[in-house]
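Chemist: next comes the sequence, and after it the predicted model I'd like to discuss.
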Amino acid sequence: MAGPLSHLKVLDLSRILAGPWAGQVFADFGAEVIKVERPERGDDTRHWGPPYLKDSDGVDTVDAAYYLSANRGKKSITVDITRAEGQALIRELAARCDVLLENYKVGGLEKYGLDYESIKSVNPRIVYCSITGFGQTGPYKNRAGYDAMIQGMGGLMSITGVPDGQPGAGPQKVGVAVADLMTGMYAVSAVLAAIVHRNESGKGQHIDLALLDTQVAWLANQAQNYLQSGNNPERRGTGHPNIVPYQAVPSADGYFMLAVGNDDQFKRFCSIAGIPELADNPAYATNAARVLARAQLVPLVEAATRRQPSAWWLEKLSNAHVPCGPINTLDQVFADPQVQARGMVVEQPHPQAGNVKTVRNPVLFSETTLEYEQGPPVLGEHTEEVLREVLGRKEQQLQELKKSGVI
């Protein structure tokens, strides 16, 4: 495969989303990623449907769309790691890999001889990344952790949703599993940092990455707002805690997103909206003043935006360089000319469906073009290929492993 990481080999023992998302990024960047799955059942997300991938005849396959979103470009092998023969295969593969990703419970792989110390003994240069709900230490280390509960525990849901006192008030989960996804992205950067360190020192290392830690870390300005003021941030719907007006506003035929980022933009907005007196009013002239006067100002802004349809606002404000945008449904997202011009949907061959569409990695390199030649693999699609080419197993040995249920 092409890509800047084509020299790396990654052994992916992870399931669900955080680990597989990291593995997919490595695959997108050109690494050879070997996904290890349970025989017969595979990754849990293969069954998290509907919707499911349809075959070339339009019939549902066994792979859910959820699985397809996080496993492009990988090689799937099936290995029963509860069996001694399976454990031996994983150790052999790890000895030939640069990176191992896993998201078993703390200590879960130790009984199989696949924990960091065991793998380190066969490959001291390996970068071994463990992703758990709560990390390898602390009072919660043995608890299972899933994205929705982490969004709640990590504070995100307390600042997401309709404010108290308004219709529909209450905490809300974000529409995608952001704690998982961000943990996967932190895993990628952490592994690459460890690879750089290994290139300098010759030593691999163990990375301890927790969903809760990640969720707390990427509270970003909201966390800093609390640490600075001692006040809990409030839910503000689509509003911004530090900028006003910066939220979804009503139009004559729906809603659009208004994102006024500075005082000059506010003046231009007010001029277009026919309310220039607001920009001259000391109570609203600066962002700091507008944040303090949010409750008074926002209804005045909304009264003005209701006078014209969304398309009118988007044209006028965009021409005046006032940040704004539509609130698109996904069909509108993928029909957007900018999204299409950037080629955000890619198509790969698939043994059951003929072809499968996925969303491309957003990174574009100038010197190392990314190629999307391998779709999300069917369960065990590459088992024999990997064991033959990487470990040198002969056909008779492969048949014996299949017959005994190890692969």
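Modeler: Happy to help now that I have it.
Chemist: how close does the nearest residue to Ala304 once chain neighbours are set aside sit to Leu212?
Modeler: Nearest non-adjacent residue to Ala304, counting by C-beta to C-beta, 6 or more residues apart in numbering: Ala273, 4.1 Å away. All C-beta atoms are positioned from the backbone trio N, CA, C, and that covers glycine. Counting by C-beta to C-beta, to the nearest Å, the gap from Ala273 to Leu212 is 43 Å.
Chemist: again, but for His7
Modeler: From His7 to Leu212 the distance is 34 Å (C-beta to C-beta).
Chemist: the two: which is more packed in?
Modeler: Leu212 (21 against 11; other C-beta atoms under 10 Å).
Chemist: quick one: mean pLDDT over the helix or strand encompassing the more buried one.
Modeler: Using DSSP states H and E, Leu212 sits in helix 211-217. Taken as a whole, helix 211-217 has an average pLDDT of 98.
Chemist: contacts made by that helix with the rest, please.
Modeler: Outside helix 211-217, the residues within contact range by C-beta atoms under 8 Å, 6 or more residues apart in numbering are 18, 131-135, 140, 145, 147, 150-151, 153-156, 179-180, 182-183, 186, 223.
Chemist: got the buried residues for the next helix or strand after that helix?
Modeler: Where DSSP H and E defines the elements, the next helix or strand beyond helix 211-217 is helix 220-229. Under the neighbour-count criterion of 16 or more other C-beta atoms under 10 Å, helix 220-229 has Gln222, Ala223, Asn225 buried.
Chemist: just stretch 343-363 next, same as before
Modeler: Those would be Met344, Val346, Gln348, His350, Gln352, Ala353, Val356, Thr358, Arg360, Asn361, for stretch 343-363 by 16+ other C-beta under 10 Å.
Chemist: among these, which are in strands?
Modeler: Val346, Gln348, His350, Val356, Thr358 (DSSP state E).
Chemist: I'd say the third one and Lys357 touch.
Modeler: No. Shown here, His350 and Lys357 do not form a contact pair, counting by C-beta atoms under 8 Å, at 9.8 Å.
Chemist: buried residues in the helix holding Leu212?
Modeler: Quick answer for helix 211-217 (16+ other C-beta under 10 Å): Leu211, Leu212, Asp213, Thr214, Gln215, Val216.
Chemist: quick one: the first one from Pro349, how far?
Modeler: In this structure, Leu211 and Pro349 are separated by 34 Å, where distance is defined by C-beta to C-beta.
Chemist: circling back: out of the buried residues of helix 220-229, who's nearest Ser69?
Modeler: Gln222 (27.1 Å; C-beta to C-beta).
Chemist: where does the stretch 201-350 of the chain dip in pLDDT?
Modeler: Residue ranges of the stretch 201-350 of the chain with pLDDT under 70: none are present.
Chemist: quick one, strands of it?
Modeler: 205-210, 246-250, 255-259, 324-326, 345-350 (DSSP state E, counting those that start in this stretch).
Chemist: can you pull up the most central residue in the chain?
Modeler: Leu181 (2.6 Å; C-alpha atoms, centre = their mean).
Chemist: isn't the residue nearest to Ala304 right up against Ala303?
Modeler: No. In this structure, Ala273 is not within contact of Ala303 by C-beta under 8 Å, at 9.4 Å.
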